[in-house]
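Chemist: Okay, sequence plus prediction incoming.
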Amino acid sequence: MEYSPHIITFPDPRAVSLSIRASAVVFADPKSLQLLSLIDRVAPSNANILIIGETGTGKELVARQVHLSSLRAAQPFLAINCGAFSETLFESELFGFEKGAFTGALSAKAGWFEAANGGTLFLDEIGDLPLPMQVKLLRVLQEGEVVRIGARRPAKVDVRVIAATNVDLEKAVAEGRFREDLYYRLKVVSLDLPILRERPKDILPLARHFISKYAERLDIVEPTLAPQAEKALLDYPWPGNIRELENVLHRALLVFHGHQIEANDLHLPTNQPSFAQIGQSAPAPTGEESFTHYLKSLFEEGHEGIFEHIIDHTLNTAYQWEHLNQVRSARLLGISRNVLRTHLKRMELID
């Protein structure tokens with residue numbers, strides 16, 4: 001009997017308040033099926049969950065699947081990105097405020113915890129939460145109550161917290177950047193999401209799902225994948241995981257001709273040679289010597305567009321190093337996010 005993969009999808013991003021980055025996750029590979037089995041076992045409880053995985057692996061989708069499989073499924077599921085707010089704004093957003101609590105507080109407003117009462121609150125990029133806010137979050141988890149800014153009395157809340165991170169929180173705890181007590185309070189259950197290249201049987205079902213999705217959105221006849229295109233998808237390492245796969249297929253549907261998507265329609269990035277690959281016949285250089293060696297190799301090869309090549313390689317390396325996080329990549333390179341986005345769009349790494 002042919003197996004039908006289990007695919008979770010979000011509704012149209014225009015129908016929800018927060019942008020959805022990776023819009024589907026599939027459970028077809030044995031590793032994914034193990035994860036789904038664990039989700040089904042832990043979802044009915046009220047235990048807090050920590051989801052660990054690289055950017056683009058579908059952490060928010062998994063959190064939503066946990067919620068939909070729980071006894072809270074009929075109650076709110078709200079998501080907030082901990083790295084998207086300043087410390088002051090984050091407190092007012094998370095806990096709410098009373099009228100007159102600060103300049104501009106013209107009326108009282110409930111925070112995310114109160115809005116999610118009875119349901120699930122998903123805290124993405126929990127590793128970016130400042131230490132002062134970690135203390136306040138820990139108190140909410142311990143006491144089950146929040147205090148709005150400007151209020152004197154706490155309000156009881158019944159919220160299941162699912163947190164997610166793409167950083168090593170154990171290392172952050174050891175370095176004093178994340179509270180150990182909060183870490184263990186969040187990590188009652190841990191769900192580790194494999195990267196896409198470690199679950200290859202998910203790739204083609206996901207690809208076909210995205211083709212169907214964007215063909216419908218573009219109002220075109222759904223194309224098939226040519227055998228060489230399927231091979232290219234399976235051979236590519238997918239550093240951007242599901243999100244990158246979705247972007248690649250979306251672009252392919254905009255440029256292909258005929259009834260099939262060919263391998264060259266995918267425009268998959270070619271891997272740049274690493275420093276180790278360039279100097280395999282000699283001891284590997286380090287530091288400035290390594291970079292100089294790399295430049296000389298380009299000069300000797302008569303590489304065209306050397307300056308653009310170096311810029312692209314530097315930007316792409318930084319972008320992968322920061323797990324496709326644009327804000328941190330721009331900060332690492334000392335440039336603005338707008339400048340980074342301009343280059344990433346030109347390199348077709350983002351839409």
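Modeler: On my side now, so go ahead.
Chemist: Where does pLDDT dip in the stretch 1-150 of the chain?
Modeler: Across the stretch 1-150 of the chain, the ranges flagged by pLDDT under 70 are 1-24.
Chemist: What are the boundaries of the helices in the stretch 201-350 of the chain?
Modeler: 203-218, 227-235, 241-255, 263-266, 275-278, 287-301, 306-321, 326-333, 337-346 (DSSP state H, counting those that start in this stretch).
Chemist: Please, where are all the strands along the stretch 51-200 of the chain?
Modeler: Ranges of strands within the stretch 51-200 of the chain are 77-81, 96-97, 109-110, 120-124, 145-146, 155-156, 160-165, 189-192, based on DSSP state E, counting those that start in this stretch.
Chemist: Tell me which residues are up against the longest one.
Modeler: Outside strand 160-165, the residues that touch it by Cβ atoms under 8 Å, 6 or more residues apart in numbering are 46-53, 59-60, 63, 66-67, 70, 72, 119-127, 141, 186. Any C-beta I mention is one placed from the backbone N, CA and C, and that applies to glycine too.
Chemist: same deal with stretch 250-260?
Modeler: 210-211, 214-215, 218, 220-221, 223-226, 229, 261-262, 265-267, 348, 351.
Chemist: 6 Å instead, please
Modeler: 214, 223-224, 226, 261, 265-266 (Cβ atoms under 6 Å, 6 or more residues apart in numbering).
Chemist: Stretch 114-133 now?
Modeler: By Cβ under 6 Å, 6+ apart, stretch 114-133 touches 63, 67, 72, 75-79, 81-83, 87, 90, 96, 112, 157-165, 167, 169, 172.
Chemist: buried residues in that stretch?
Modeler: 114, 116-117, 119-129, 133 (16 or more other Cβ atoms under 10 Å).
Chemist: between those residues, which is closest to Phe102?
Modeler: Using Cβ to Cβ, Met133 comes nearest to Phe102 of the buried residues of stretch 114-133, at 16.7 Å.
Chemist: Tell me how far the closest one lies from Phe210.
Modeler: Met133 sits 36 Å away from Phe210, going by Cβ to Cβ, to the nearest Å.
Chemist: With Leu204 instead?
Modeler: Distance from Leu204 to Phe210, by Cβ to Cβ: 11 Å.
Chemist: the more surrounded of the two?
Modeler: Between Leu204 and Phe210, counted using other Cβ atoms under 10 Å, Phe210 has the larger neighbour count: 21 against 16.
Chemist: give me every residue that touches the spatially closest residue to that one that is not a sequence neighbour.
Modeler: Closest residue to Phe210 apart from its sequence neighbours, by Cβ to Cβ, 6 or more residues apart in numbering: Leu249 at 4.1 Å. If a contact means Cβ under 6 Å, 6+ apart, then Leu249 has 207, 210-211 as its contacts.
Chemist: which of the contacts of stretch 250-260 tops the neighbour count?
Modeler: By neighbour count, taken as other Cβ under 10 Å, the most surrounded of the contacts of stretch 250-260 turns out to be Ile261 (25 neighbours).
Chemist: My guess is that residue contacts Pro223. True?
Modeler: Yes - Ile261 is within contact range of Pro223, at 5.3 Å (criterion: Cβ atoms under 6 Å).
Chemist: contacting residues for the residue nearest the centre of the chain?
Modeler: Taking Cα atoms, centre = their mean, the centroid of the chain lies closest to Thr55, which sits 3.2 Å from it. The contact partners of Thr55, taken as Cβ under 6 Å, 6+ apart, are 166, 323-324.
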